[in-house]
Each structure stands twice: as C-alpha cells, then as structure tokens.
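Visitor: how does the following fold in three dimensions:
(chains A and B)
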Amino acid sequence: MQKFKLYTRFERFWHWTQMALVMLLILTGFEIHGNFSLFGFENSVRLHNSSAWAFMGLAVVSILFMLFSHQYVNFIPTTKKLKEQIQYYTLGIFRKDPHPTKKSLYNKLNPLQRLIYAGLLILIFPVQIITGLVYMYYHYPQNPLDAAGLKSAAVTHTIGAFMVVAFILVHMYMTTTGHSVSSNIKAMITGFEKEEEEHKAETKPNA
Amino acid sequence: MKTVLEKITTFFVVLILPALVIYLTVYFGLKRETPEILEYTNKSEQIISVDHSEFEILQQDFVDPRDVTAACLSCHNKRDDELMQSSHWLWEREAYIPGRGEVKIGKINLINNFCTGAPGNNGSCMRCHIGYGWEDKSFDFDNPNNIDCLVCHDKTDTYFKQKGQAGMPATEETANAEYAVPDYNYVSQNVGIPDRDNCGICHFYGGGGNNVKHGDLEEAMFRGDRNLDVHMGIDGKDMTCVDCHETQNHNIKGRAYSVSSENTNRINCEQCHTDKPHNDRVIDYHSHKVACQTCHIPVYAKKNATSLWWDWSLAGQKDENGNAFKEYDADHNYSYLSIKGRFVFDNMVEPEYYWFNGTVDHYLIDDTITEFPVKINTLFGDYNDSTAKIWPVKVHRGRQPYDPVNKGLLSVNLWGPEKGDGAFWNDLDWDVAIQQGMDYWGRDYSGQYDFVETEAFWPLNHQVSPKEEVLGCTDCHSRNNSRIASLNDFYLPGRDYDKAVDYSGFALIFLSLFGISIHTILRIVAPFKFK
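Guide: Got it, this is the predicted structure:
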C-alpha cells in the first residue's frame, strides 16, 4: 500500500475551520430559532453573526484559493460514472466491491459528491448568506423594497439550515465509506490517502 | 525527520489554525462596547435666580392671591400671554387626528374611564387647574390675574390649593385644620423653577388618589431612589421633571396621550442619549421598531399600586345602616367604594405592548358607540408603519355609564359641595347625577343609562429602571411567554417559526438518520450473505 497526497494544507485548514464554524452556526442558529437554550439568546445572536462573518471571509479566501490553484475543477458536476457511483452506494458497498471512482489531487470528489457539493455551493450557501445578510441589515420593510418584514428571509434561512444539518449527518456518515471506516477522515487530517491495491496502477497524480 | 515535520504541519493546519479562527470569532463576537457615560448638569443646578425677597412689590400685604399674580406680571410681562395659550390653562388644544381632521380637545371636553370627566365637577377637579376659581362656565380665561403662578413656582412647599375650592388656596373664610391661608410674602419671595413637588402635586394624584391614573407617576417619586426611577432617584442623578420636560416660554415639552393626539412636542430619550446609546449595533438597531421604554420600563407602579379596573356599575351600594362604605384588598388598596364602585389595584405591573406612532384618536362626546369595549383612546400604529414602535402601555379598563339609546358615554356630576345637591358622591343617585352632568356639558340624555366596558391606553414613560433590571432578549424572543405575544403582525426571531418548514425540517433530519442506520446495518450484515 502506498500513500498519495489528496488534500493540501490549505484545504485541510479550510475544511476543519469550516466545520467548526458551521457547527457554531447551527448551534447558535437553532438556539435563536427557539429550539433549545445553550449559549443564551444574546450570546447566540452575537456568535451567529460573528461566525457568519468568519464563514464568509473563509469562503472568499477559499474561492480565491480554488481559482488560483485550479482546484475548482473538483467541484464541477459530471454525470460520468454517476450511475456507477449510485449503484456502488446502494449495492456494491454491501458486497465490498471496489469504489467505482478513484481519487486524486484533482479528482477528490466522486460524481455524486460533485453533484451534492455543487448544490451546496450554488444553492444552499448563497441562499444562507443572502438571507443571513438580509436578516442582519434589512430589518425594516419600507426601503428600498417592501419585503413585508423578516418572514420570507427568516423562513428561507431556516429551510437552508435544515438542509445543511441533513447534509452534515449524511456527510459524516459517508466518511466511513472509504476503504476503511476511518481512512477518509485520516486523509482530511493528514492530507494523505492510502491507495486501494487494485487501483494502484491508475492513481498516479497526473500533475 | 520528514514525518515529524508533517505531523507538526498537520497539527498546525487542522487544529491550531482552525482553533485560532474560532477563538477570534468568539472573542470578537462576544465583545461588547460599553455605553457612553453622559455628562449632564441638572437644570436646578444651572439656574441662578434673582433674590425675590429684595423686591418691594412682594413685601405688600397680600389678601387675594390674584394680587400676587398681578405683582408677578408687573415684572414678568408677556408671560401671561404665553401661559394663557397653554393647555395647562385652557385644558384643550387644537389637534389633528388622523381620520377626523382638526379638533379642539383636552380635559375640558374628553371623557375618561376614571371619574369620567372634569367639567361639572369643577370644585374638585379644577383644583388642579393653574388658575383661581374655575367654579363654573363663567370663569374668565382672559383675565391674567386668574393665573396661579405660585402653584408651579413655589419653592417653599407651603403653598397649596384647597380641596373643593376650584383651584383657590385657603382664605380667611375657608381655612381649616388641613389648609391654612398661605403666607404670600414668604411664598412669593421664594419662587423658582418648578421642581417635582410642584408638578407632582397634581400629576401624581390624577384620578382621585396617588398613582390612580398614570401608574408611572406617583408620590413615591417625590423622594424615590434610583430603583424606582433611574433618572429621578435622589440617590442617583436626582433629576426633576423639567430636566426632561424642557420648557421654552411656558411651552412644556411632553405629551400625555390620554389628552393629546399629535406626534409633536414630544420628549425623546435621544435628546440626551442619542440614537445609538448602547454602542452596540444589534441592540441599537432595535430602536427602529422598539421604543426605549419597552425594555427600560419592565414594570410600572413599582412602589404604590395603580388602578387597573374600575367598575362604576357596582357603585352606590350602602351598608345595613344605609351609609356608603369602603373595602380594601390585602395590600390595603381600595377594592370597593360606594361612591366609586369596584376596583382592582396592583403594583409591580407588567405593561401591555402596542404599536404606537405618536398619534392617537379619542372618544369624542358626539361619537356613537359601535364597538365594545369602547376605546377611550386609540393608539395608532402597526408593524408596517415606519414611524411606529412597540411601546409599553398601561391599559386602564372598567365599566362606566353610557346611554343605551343615544349610544354615547355619559357625563356625570360626581362632586358637589353638599348633600342633597344631586351629585353622585353626595346622594348616590345615578339618575340625578347623570342628568346634572349631561346638563352641564349641554349634551342630550335619553334618560336611560347602563354600563359599558371601556379601555384607555396610557403609554408609559416614567419609572425607568436601572440597567440591571431591563428586559432581556428572551422576554420577547421566546416561543412561550413572549411579552409581545399579542403583536403578531410580523416575524419575530425566537418566537415565530413556520410550522410546515419546521416539521418538514425535522422530518428530513429524522429520515437522514434513519437512512444512515439502515445503510449501516446493511453494511454490517450484507457481506455475510454475499460470502
């Protein structure tokens, strides 16, 4: 077995920082929403605002990183091998079949992941950011547009929040579907993934 | 060596740096600037008066208080002109009411749900008029000598208007154990800017007793501490009424919306505190839609109780000896008076909350009752009104006489000088008392009366609490027990949610967990089957 580099230092920093920020956003957000008490309502509001800003800052930095390091190619959705990937998760995985796609520095995500992550990046995150900014700054319905209050922004923000929570649950579970239960998480920590034997010949980084 | 370096890098990249970002996020998120401390010098300290005791005109042998007024005006000329245009003098003013237009209203022609109305009860009610002897309609509003300068400007606390004398202090004829003839030389030589004793003697006792009407203005504030009123506390800033109720040419700033209608000449907290007093964006933003008073007056009637319910329909009962009687509740407040009916008094009252834009409609005497309970006044405003804010309000409810035929609230003659004169407080006879009241007002009366529920809205402004006592977020931003639960024309975070979205959302989370569980089980079980 041989190790190969999958995640750069920046990507690992980005991932774990984002994880912490999203956790903070979810906990404070649902406290503000009235589901439980944890930090106290006022602290939650303050932390939700500050972690939202940190999240947006991180998003800007990571987008720049993606563009300059050419890593954005990982997020371009594709239907190639999509069917095989779905078949793998619904069938192959139980037979311990090999993964239908192989990972590399420029192909970190399988087609199903690409689709889901593209959905997050294009739909959920922008919607959360826009409705969140509306929440912070567009309090009053008179100018310049009559939004008749916070309701539309708040409800949309809540829908996005539930989708993020569902994503995270599935995402956390999916980390266990690597070639060992912990290999994906280890890769996100160390940056290196161990190659599966049968793909050895094909998975040389093409850079 | 390389692996050690890699491990250090990993440690740094996945733990130290993210932790640093989170630390900074939490640090700057929770950091709060402290509000600015205001520097303010009380008006009582700023103004240095002349020594009135050196004026020869004030050495004369005064008999009639009107001569004191004449002496005042001989130096302070034109002040009478200012004063005689004021609502303290006229008890009415022109006001624009949305939906009605320009009206002339005031205590002179409005009906309330306390003692129902002043006119016709002049001997008692006009004691709080800033004039001498408004006994009946013949009172001369154009005679400047009828102005009572002393009641507002006396600094000796020895000058009082006598009970039942329509604004006159005691004279040689009327003086008794309670009221002596004032020493006019002493009083007139010791005049100055009004202090809380001058204002409070009327404004604390509206409705026939301490704190009956306002709920946030009462005699404890003569010498209260800062827990009672953070501005006026004698152990704190020790501000008096005129520090906020700034006055130019006898035009006193401030509005009581039991008698006012317009959003002008008001006092704003911003006068001193600016519109960003908390030095904190999230909290300062609240002021677009929430009056300062809402959070800073969490309870009112903090010391002595105020009337919350006054039921005139039960007035007039007599004890077994045929006499009027009184009952008290456990806190020694009136619960029943034969002459006034049944009461609910309470202290430490949580306000009710309403949208309010500073304009008010009133029940006018010619109005026809169309809805119950009858609104004595109506605060305008709603969420979509950019000028409206959520305001804490004392709502005074009760039952009072109305004419079921003409569908109007009735004016009653309550006070009279002696038994047998038909006044309700003397004879406990509604028929006569209402007829006399309606006659004085010149209003038509069908001869039939019944009692109708009414409510009056008194926005709160006083008894501001120290900052430790103010409302917190979850007093409103809470699913249960939100203080503003009744204001539901807008989305309030923490209180409101879309049921369909929340149920679907939790269903989505549940389904995800369910799917994960099934998948996990299959992953564990299936390989054995495929073997």
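Visitor: would you mark the buried spots in stretch A:64-77?
Guide: For stretch A:64-77, the neighbour count (16 or more other Cβ atoms under 10 Å in any protein chain shown) marks A:F65, A:M66, A:Q71, A:N74, A:F75, A:P77 as buried. Heads up, the C-betas are built off the backbone N, CA and C, glycines and all.
Visitor: restricted to helices, list these.
Guide: Under the assignment DSSP state H, the buried residues of stretch A:64-77 contribute A:F65, A:M66 to helices.
Visitor: closest to chain B out of the buried residues of stretch A:64-77?
Guide: A:F65 (13.4 Å; Cβ to the nearest Cβ).
Visitor: ok, the residue lying closest to the closest one once chain neighbours are set aside - contacts?
Guide: Excluding the flanking residues, the one nearest A:F65 by Cβ to Cβ, 6 or more residues apart in numbering or on different chains is A:F10, at 5.5 Å. Taking Cβ atoms under 8 Å, 6 or more residues apart in numbering or on different chains as the contact definition, A:F10 lies against A:S62, A:F65, A:S69.
Visitor: same list (those) but as TSV, adding pLDDT and distance to B:P194.
Guide: As requested, the contacts of A:F10 are arranged in TSV below (pLDDT from 0 to 100; distance: Cβ to Cβ, whole Å):
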residue	pLDDT	distance to B:P194
A:S62	92	66
A:F65	92	70
A:S69	88	75
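Visitor: of the residues you listed, just say which sits nearest to B:P169.
Guide: Ranking the contacts of A:F10 by separation from B:P169, with Cβ to Cβ as the measure, puts A:S62 on top at 81.5 Å.
Visitor: returning to that earlier point: among the contacts of A:F10, which one lies nearest to B:N185?
Guide: The shortest gap between B:N185 and any of the contacts of A:F10 belongs to A:S62, at 85.5 Å (Cβ to Cβ).
Visitor: buried residues in the helix or strand hosting the closest one?
Guide: Using DSSP states H and E, A:S62 sits in helix A:41-69. Residues of helix A:41-69 classed as buried under the neighbour-count rule (16+ other Cβ under 10 Å) are A:41-55, A:58-59, A:62, A:65-66.
Visitor: ok, stretch B:19-28 next?
Guide: Counting neighbours by 16+ other Cβ under 10 Å, one finds that the buried residues in stretch B:19-28 are B:V21, B:I22, B:T25, B:V26.
Visitor: quick one: which of the residues you listed sit in helices?
Guide: Judged by DSSP H, the subset of the buried residues of stretch B:19-28 located in helices is B:V21, B:I22, B:T25, B:V26.
Visitor: just give me the closest of these to B:G515.
Guide: Among those, B:I22 lies closest to B:G515 (Cβ to Cβ), at 30.5 Å.
Visitor: got a list of what the closest one touches?
Guide: Contacts for B:I22 were tallied using Cβ under 8 Å, 6+ apart; they are A:T17, A:A20, A:L21, A:L24.
Visitor: give me the number of residues near the second one?
Guide: Residues near A:A20, counting by other Cβ atoms under 10 Å in any protein chain shown, number 17.
Visitor: ok so, going back, just name the closest of the contacts of A:F10 to B:S386, please.
Guide: Relative to B:S386, the closest of the contacts of A:F10 is A:S62; by Cβ to Cβ it sits at 39.7 Å.
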